[in-house]
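Undergrad: Here is a sequence with its predicted model. Questions after.
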Amino acid sequence: MERLLEAGAADAWYTPIYMKKNRPAYLLKAVCTGEKIEKMERIIFTHTTTIGLRKYPVERTVLDRRQETVDTAFGPAKVKICRYENQTFFYPEYESVREICRARDLPFGDVCREITEAAVRAFAGERGMMRKLEAYMEQLAKQDLCVAFSGGVDSSLLLKLACSQAEKTGRRVYAVTFDTCLHPACDLENAARVAREIGAQHEILRVNELELDEIRNNPVNRCYLCKRHMFTVLKDWARARGITCVLDGTNEDDLHVYRPGIQALKELGIVSPLAENGITKEEARQMASALGLSVSSRPSTPCMATRLPYNTPLDVETLKRIEDGEAFLRTVLSGNIRLRLHGDVARLEVDEGAMDEVLKMRNRLVDGLKGLGFRYISLDLQGFRSGSMDV
């Protein structure tokens, strides 16, 4: 492979394989421009035992990229910064990682992580948002913290930074997830997985919002009533452990749409670091991606009550049917998915780019949803939009 690369191959690699009759072999591949094909062939035929080659054209899509040098705990290091649509990715340069590992006798993974986090602090959002948020979290982490943790992008980013800062101060951080009737079971499973990924202490609080008539009747201010009830329970839980600071993942975008629950958080003194530092959803995704959090691209999953019109009574059976319907849809569709229920009519919202796919597989979707008890199935031509029931 070194000869191929020295001769001008853009890349070269091999893969152990088994050929017919279970013969072990190596599959060697090289990528080069057309004028270098003959040179590549000569090297391969001369230095391997192969008696034939396959050639085919390939196309390449390249992200917008640049290389920067960042200051790390191990000294300066080079990192590649790539952008795709509104996302930013940080990749430590291999040579920088190797040099630091050899000079300091450190594990490769630890060095990669330090370089990546240094790049995030320096360049995430290109506005120093990470530095600002870290400084804010550093002050909060001088005390024990309780993070309302859904396992989504915002609360995962918050938890990651809280745990990182608490390691320096020696304080405790609890990631607390609500187990409720209004959130799908997959949220609980995802939260547990991400908490393990971050290395956080994870706690589960069981709350039955439907025990309260005022919430069960699904009024227009349901979100306010629900948030106030749940976070009162959470504050009591935290207070019993000597914790006075409770955090949640409300972001800047949430302040500019219909979110009546935010008023309840303010009344209870819940701290929202992302919103208070002006960090939008997209910026939170960029930071989460740069920190390597697996949920950075996960679509939001708001409470199941948002699938029903206001003043439609909520019951466990209907909510479970909607949850099962969306779970089925996610097995065949990607992106944002909402199954809104208007009496006998199930209204499907998907991203605009997924509509053609929905129509192609409409028979399969109709059969699956009718099998779960939905009577009429419709596709919303306006596509997915958050809060479409807020009319």
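TA: Everything's here; your move.
Undergrad: what are the bridge partners for residue 339, then?
TA: Beta-bridge pairing for residue 339 (DSSP bridges): residue 348.
Undergrad: Give the full set of residues in contact with it.
TA: When contacts are counted by C-beta atoms under 8 Å, 6 or more residues apart in numbering, residue 339 touches 307, 322, 325-326, 329, 346-349, 369. For glycine as for every other residue, the C-beta is placed from the backbone atoms N, C-alpha and C.
Undergrad: Of the residues you listed, which is the most crowded?
TA: Counting neighbours by other C-beta atoms under 10 Å, residue 307 leads the contacts of residue 339 with 26 neighbours.
Undergrad: so that one makes contact with residue 342?
TA: No - with contact defined as C-beta atoms under 8 Å, residue 307 does not reach residue 342; the gap is 9.9 Å.
Undergrad: Tell me which entries of the contacts of residue 339 lie within helices.
TA: 322, 325-326, 329, 369 (DSSP state H).
Undergrad: At which residues are the strands of this protein located?
TA: Applying DSSP state E to the chain gives strands spanning 11-18, 24-31, 64-72, 75-84, 87-92, 145-148, 173-180, 201-207, 245-247, 337-342, 345-350, 376-379.
Undergrad: Restricting to C-alpha, output the fifth one in PDB.
TA: Output for strand 87-92, consisting of C-alpha atoms alone and laid out as PDB, is shown next (Å, rounded to 0.1, in the frame of the first residue of the first chain):
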ATOM      1  CA  GLN A  87     -23.600  20.800  11.100                       C
ATOM      2  CA  THR A  88     -20.000  21.100  12.100                       C
ATOM      3  CA  PHE A  89     -17.700  18.100  12.500                       C
ATOM      4  CA  PHE A  90     -14.200  18.000  14.100                       C
ATOM      5  CA  TYR A  91     -11.600  15.400  13.100                       C
ATOM      6  CA  PRO A  92      -8.100  15.300  14.800                       C
END
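Undergrad: Name the strands paired with that strand and say parallel or antiparallel.
TA: Here, using DSSP bridges, strand 87-92 pairs with strand 75-84 (antiparallel).
Undergrad: What lies in contact with the partner strand?
TA: Residues outside strand 75-84 that contact it (C-beta under 8 Å, 6+ apart) are 63-70, 88-93, 95-97, 100, 115-116, 118-119, 123.
Undergrad: where are the low-confidence patches of this structure?
TA: When residues are selected by pLDDT under 70, those of the chain lie in 86, 124-128, 391.
Undergrad: Specify the residue positioned farthest from the middle of it.
TA: Residue farthest from the centre of the chain, counting by C-alpha atoms, centre = their mean, is residue 46 at 48.0 Å.
Undergrad: before we move on, the earlier item: among the ones in helices among the contacts of residue 339, find me the one that's closest to residue 375.
TA: Using C-beta to C-beta, residue 369 comes nearest to residue 375 of the ones in helices among the contacts of residue 339, at 9.4 Å.
Undergrad: With that, I have no additional questions.
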